[in-house]
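> give me a model of this one.
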Amino acid sequence: MSATTTIRLPPKLRARIQALAKQTGRSAHSFIVEAVERHAGYEEEMRSLVAEALAADADIDQTGEVYRADDVHAWLERLVKDEAAPRPKPWQR
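Predicted coordinates for the structure are as follows:
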């Protein structure tokens, strides 16, 4: 069962939502729920990307291994042409 949450919308935003809901044949409620779901997904993805980036940065600090962008780009271009392309060698700081 869903819980009820009350939000106060500025009049102009409420009018926009009502107009869009009417144009799409949906309720304002479904429009708002979808918007909140999408934004929650966006925020979760951003947090995941930041955590992944911080973990990669920590890995670089621990191993000292990094790759030159030109080497990575060349490798990706070879991958498009030949799946057996060897990975670039890491560059040590």
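
> got the buried residues for the longest helix seen in the chain?
As assigned by DSSP state H, the longest helix anywhere in the chain is helix 28-63. The neighbour-count check on helix 28-63 (16 or more other Cβ atoms under 10 Å) flags 31-32 as buried. No exception for glycine: its C-beta is placed from N, CA and C like everyone else's.

> next helix or strand past that helix?
Note on helix 28-63: by DSSP states H and E, the next helix or strand toward the C-terminus is strand 65-66.

> that following strand packs against which elements?
strand 91-92 (3 or more Cβ pairs under 8 Å, 6 or more residues apart in numbering; DSSP states H and E).

> neighbours around Arg68, how many?
Per other Cβ atoms under 10 Å, the neighbour tally for Arg68 reads 12.

> and Phe31, what does it touch?
Phe31 makes contacts with 17, 20-21, 24, as judged by Cβ atoms under 8 Å, 6 or more residues apart in numbering.

> of the residues you listed, which belong to helices?
Counting by DSSP H, the contacts of Phe31 contribute 17, 20-21, 24 to helices.

> give me the pLDDT for Lys12.
On the pLDDT scale, Lys12 is placed at 98.

> the one 5 residues further on now?
Model confidence at Ile17, expressed as pLDDT, equals 97.

> just the one 4 residues further on next, same as before
According to the per-residue confidence, Ala21 scores 95 in pLDDT.

> same thing with Arg93?
Arg93 is assigned 57 on the pLDDT scale.

> how near is Lys12 to Pro86?
Distance of Lys12 to Pro86, given as Cβ to Cβ, to the nearest Å: 58 Å.
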